[in-house]
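Peer 1: Give me a model of this one.
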Amino acid sequence: MDTYEELTTEHALKRMKQRNIDAKDTHIVIMFGLEKRQGGANYHTLRAKDLITKDNFIKYGHLVGTVVITNDYGRVITVYRTNKIKKNFKHINKLAA
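Peer 2: As a prediction, this is how the structure comes out:
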């Protein structure tokens, strides 16, 4: 079985360290987030509405806005956070209540 480091580029590992995102976080984003194919890569974006239950939101809400980019083989190319998903804030407030 491949280790996480074998499935992640050096660039992604560097960015994860800089952005305080660990392997578990990237796995959560890939599993729960919206996947979109663009420009030869797969973009996995975790939105608030992807965390359906309140329990999931409590555990993983800090990852909302995290984007993981993978290639066709599932190798993580890079990871970053975005704030361009503001339309989901209403959903966040409902779950936090």
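Peer 1: Just want the most central residue of this structure.
Peer 2: residue 29 (3.1 Å; C-alpha atoms, centre = their mean).
Peer 1: Contacts only, for the closest residue to residue 80 other than its chain neighbours.
Peer 2: In this structure, residue 80 finds its nearest non-sequential neighbour in residue 67, 5.4 Å apart by C-beta to C-beta, 6 or more residues apart in numbering. Just so you know, the C-beta spots here come from the backbone N, C-alpha and C atoms, and that holds for glycine as well. Residue 67 is in contact with 29, 43-46, 79-82, counting by C-beta atoms under 8 Å, 6 or more residues apart in numbering.
Peer 1: Work out for me the element residue 67 sits within.
Peer 2: Here residue 67 sits within strand 66-70, counting by DSSP states H and E.
Peer 1: follow-up on the earlier one: surely the residue nearest to the centre of the chain and residue 66 touch.
Peer 2: Yes. Under the criterion of C-beta atoms under 8 Å, residue 29 makes contact with residue 66 at 5.0 Å.
Peer 1: anything in contact with each of the two?
Peer 2: Shared contacts of residue 29 and residue 66, counting by C-beta under 8 Å, 6+ apart, come down to 45-46.
Peer 1: re the thing from before, what would the contacts of residue 67 look like in CSV with distance to residue 18 and pLDDT?
Peer 2: Output for the contacts of residue 67, formatted as CSV (distance: C-beta to C-beta, whole Å; pLDDT from 0 to 100):
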residue, distance to residue 18, pLDDT
29, 17, 96
43, 19, 95
44, 19, 96
45, 19, 95
46, 19, 95
79, 10, 97
80, 10, 96
81, 11, 94
82, 15, 90
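Peer 1: So how do I select the buried members of the residues you listed in PyMOL?
Peer 2: For anyone working in PyMOL, the buried entries among these, judged by 16 or more other C-beta atoms under 10 Å, can be selected with:
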select buried, resi 29+44+45+46+79
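Peer 1: Make CSV out of the contacts of residue 67 and add secondary structure and distance to residue 7.
Peer 2: Shown next, in CSV, are the contacts of residue 67 (DSSP: H, G, I helix; E, B strand; the rest coil; distance: C-beta to C-beta, whole Å):
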residue, secondary structure, distance to residue 7
29, helix, 14
43, strand, 17
44, strand, 14
45, strand, 19
46, coil, 19
79, strand, 13
80, strand, 18
81, strand, 21
82, coil, 23
